[in-house]
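*Asks:* Sequence and predicted structure, then a few things I'm wondering about:
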Amino acid sequence: MPADPRALLRSMFDAAVAAAQPDRCVPPFLPPRPNGRLIVLGAGKASAAMARAVERHWDGPLEGLVVTRYGHAVPTERIEVVEAAHPVPDAAGLAAAQRIRYIAAGAGPDDTVLCLISGGGSALLALPLPGVSLDDKQALARALLASGAPISEINCVRRHLSAMKGGRLAALAHPAKVVSLLISDVPGDDPVDIASGPTVGDPTTSAEALAIIRRYGIALPPAVETLLASGDGETVKPGDPRLAGNETHVVAAPQASLEAAAAVARAAGLAVHILGDAIEGEARDVGAVLAGVTRQIVRRGQPFAPPCVLLSGGETTVTVRGKGRGGRNVEFLLSLGLHLGGLENVWALAGDTDGVDGVEEIAGALLTPDSLARAWALGLDPQAALDANDGHGLFGALGDAVVTGPTLTNVNDFRAILIGRP
């Protein structure tokens with residue numbers, strides 16, 4: 001058993017983030033030099049770092065524009081970087097999307113458009129279809145984020161209200177060749193769900209998007225309801241001739257990051273078990289389930305013998321009912337801790353690999369065997385914190401928040417449970 005479980009867990013998280021850094025994963029997928037221009041366009045929390053990686057490894061002329069989250073910009077020389085809001089879009093994202101649309105539409109048949117897409121791009125590339133206002137998109141974004149809907153359903157709705165997503169960006173760039181490099185932050189790594197698929201065909205429909213909104217009881221502005229019900233905002237479909245000959249590469253994904261973290265744990269002499277890279281569901285429910293698995297390991301040595309590490313990734317959800325700040329990773333950890341009830345020799349870390357859990361500039365937190373006891377000693381009620389969706393408040397008070405700052409990548413959530421000997 002390692003002498004410092006906290007340090008080991010943090011080293012594993014850092015390794016997971018490092019494995020998805022653009023300087024490592026972008027260069028192998030750069031296209032050959034075109035006869036015309038190389039035009040770089042992009043959106044996402046990692047797009048600025050991806051643009052910098054392109055500049056460092058491209059041996060010819062290039063130009064372009066990418067939009068990233070506030071605080072996630074990095075210095076570039078030839079590719080312009082602008083910042084906008086996430087997860088709720090703002091006017092800066094709207095203006096950036098308008099400029100990207102104009103640049104894409106000006107691409108010629110000898111040009112290659114290199115699209116750098118990563119998580120967060122759905123909000124950052126915010127250009128509504130005609131009839132839908134930015135206010136409409138902002139209100140709907142807030143409602144969807146609080147609804148507990150999985151990211152695939154949220155992105156289905158986003159695609160059908162956007163002038164850029166659902167294959168529309170690639171269609172705009174036709175007849176130029178479009179090469180898309182994607183850093184995946186979605187369960188299953190489906191390109192249609194990474195930033196809502198601006199460069200790939202979308203098999204879902206406006207009717208499906210409308211059904212999702214109604215299923216969660218979300219009130220719709222009349223213009224949005226009309227657009228979805230009429231089907232006038234249908235997305236670009238797979239097989240559309242405007243997408244022919246394009247290339248799409250997922251250059252970084254959660255599984256590779258979990259494997260990098262596993263290597264750190266194995267080097268420390270621990271058995272590692274990757275439970276899955278695409279786990280979804282309510283964060284508190286996932287916490288309860290993994291607490292049950294952990295108890296079985298501690299008490300029965302099943303399905304794995306301790307000491308060991310359990311790793312998982314994916315994207316859980318939080319249905320916000322309380323007045324807390326949300327955050328799916330801290331909600332998972334708080335639920336895990338409550339269901340473990342102070343079980344000895346169990347530590348855990350959960351964090352978002354982009355450094356932002358929910359809307360907080362906090363990646364996640366650490367759970368220790370005495371987290372509940374320390375909370376009670378401070379007069380805090382962990383169950384009340386969970387009920388209020390205030391995991392950030394509790395772990396912050398304990399001094400156990402994990403703060404990284406912008407990591408400049410995003411392969412979704414990272415969860416590690418370290419189980420010592422009984």
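*Replies:* Nice, I can see it.

*Asks:* Distance of residue 152 relative to residue 140?
*Replies:* 16 Å (C-beta to C-beta, to the nearest Å). All C-beta spots, glycine's among them, are computed from the backbone N, C-alpha and C.

*Asks:* With residue 82 instead?
*Replies:* Residue 82 is 23 Å from residue 140, where distance means C-beta to C-beta.

*Asks:* out of the two, which sits in the more crowded spot?
*Replies:* residue 140 (23 against 17; other C-beta atoms under 10 Å).

*Asks:* got the contact list for stretch 219-229?
*Replies:* 129, 131-133, 136, 139-140, 143, 160-161, 206-207, 209-210, 213, 233 (C-beta atoms under 8 Å, 6 or more residues apart in numbering).

*Asks:* Repeat that for stretch 231-239.
*Replies:* Taking C-beta under 8 Å, 6+ apart as the rule, stretch 231-239 contacts 129, 159-161, 165-168, 170-171, 200-207, 227, 242-243.

*Asks:* Would you list the buried entries among the residues you listed?
*Replies:* Among the contacts of stretch 231-239, those classed as buried by 16 or more other C-beta atoms under 10 Å are 129, 159-161, 165-168, 170-171, 200-202, 204-206, 227, 242-243.

*Asks:* got the contact list for residue 249?
*Replies:* With C-beta under 8 Å, 6+ apart, residue 249 has these contacts: 29, 179-182.

*Asks:* In a strand, it, correct?
*Replies:* Yes - with DSSP: H, G, I helix; E, B strand; the rest coil as the criterion, residue 249 is part of a strand.

*Asks:* can you map out the helices along the stretch 51-200 of the chain?
*Replies:* 91-105, 121-124, 134-147, 151-159, 168-173 (DSSP state H, counting those that start in this stretch).

*Asks:* Just the C-alpha atoms of the third one, please, in CSV.
*Replies:* Output of helix 134-147 as CSV, limited to C-alpha atoms (Å, rounded to 0.1, in the frame of the first residue of the first chain):
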residue,chain,number,x,y,z
LEU,A,134,-29.3,33.9,-28.3
ASP,A,135,-31.6,34.4,-25.4
ASP,A,136,-33.7,31.4,-26.4
LYS,A,137,-30.5,29.2,-26.6
GLN,A,138,-29.3,30.5,-23.3
ALA,A,139,-32.5,29.7,-21.5
LEU,A,140,-32.7,26.3,-23.1
ALA,A,141,-29.1,25.5,-22.2
ARG,A,142,-29.7,26.3,-18.6
ALA,A,143,-32.8,24.2,-18.4
LEU,A,144,-31.2,21.2,-20.2
LEU,A,145,-28.1,21.3,-17.9
ALA,A,146,-30.3,21.3,-14.8
SER,A,147,-32.6,18.5,-16.1
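
*Asks:* tell me the angle it makes with helix 91-105.
*Replies:* 110 degrees (axes from the mean of the first three to the mean of the last three C-alpha atoms, to 10 degrees).

*Asks:* buried residues in helix 134-147?
*Replies:* 136-141, 143-147.

*Asks:* Just give the number of residues close to residue 255.
*Replies:* By other C-beta under 10 Å, neighbour count at residue 255 equals 17.

*Asks:* Sticking with it, tell me its helix or strand.
*Replies:* helix 254-267 (DSSP states H and E).

*Asks:* now do residue 373
*Replies:* Per DSSP H and E: residue 373 is located in helix 371-377.

*Asks:* Kindly provide the distance from residue 200 to residue 247.
*Replies:* Taking C-beta to C-beta, one finds residue 200 at 11 Å from residue 247.

*Asks:* shared neighbours, these two?
*Replies:* Counting by C-beta under 8 Å, 6+ apart, the residues touching both residue 200 and residue 247 are residue 180.

*Asks:* so who does residue 128 touch?
*Replies:* By C-beta under 8 Å, 6+ apart, the neighbours of residue 128 are 94, 134, 136-137, 161-163.

*Asks:* for this protein, which helix is longest?
*Replies:* helix 283-300 (DSSP state H).

*Asks:* low pLDDT regions in the chain?
*Replies:* The chain contains residues with pLDDT under 70 at 1.

*Asks:* what does the longest strand anywhere in it rub up against?
*Replies:* Scanning the chain for the longest strand, with DSSP state E as the assignment, gives strand 271-279. Strand 271-279 has contacts (C-beta under 8 Å, 6+ apart) with 187-189, 253-255, 258-259, 262, 265-266, 286, 290, 293, 304-305, 307-314, 316.

*Asks:* could you flag which of these are buried?
*Replies:* 187, 189, 253-255, 258-259, 262, 265, 286, 290, 293, 304, 307-314, 316.

*Asks:* Show me the helices in the stretch 301-422 of the chain, by range?
*Replies:* Under DSSP H, counting those that start in this stretch, the stretch 301-422 of the chain gives helices at 328-340, 371-377, 382-387, 391-398.

*Asks:* Next, format those helices as TSV and append mean neighbour count and distance to residue 406.
*Replies:* TSV is the format used below for these (neighbours: other C-beta atoms under 10 Å; distance: least, C-beta to C-beta, whole Å):
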stretch	mean neighbour count	distance to residue 406
helix 328-340	26	16
helix 371-377	16	27
helix 382-387	17	26
helix 391-398	23	18
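
*Asks:* Let me have the ones you listed in CSV, extended by distance to residue 194.
*Replies:* Output for the helices of the stretch 301-422 of the chain, formatted as CSV (distance: least, C-beta to C-beta, whole Å):
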stretch, distance to residue 194
helix 328-340, 18
helix 371-377, 34
helix 382-387, 31
helix 391-398, 26
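
*Asks:* which residues touch residue 311?
*Replies:* 12, 258, 261-262, 265, 272-275, 414-416.

*Asks:* Direction included, what does the longest strand of the chain pair against?
*Replies:* strand 308-314 (parallel) (DSSP bridges).

*Asks:* residues of the helix or strand encompassing residue 49 that come out buried?
*Replies:* For residue 49, the host element (DSSP H and E) is helix 47-57. For helix 47-57, a neighbour-count test (16+ other C-beta under 10 Å) marks 47-55 as buried.
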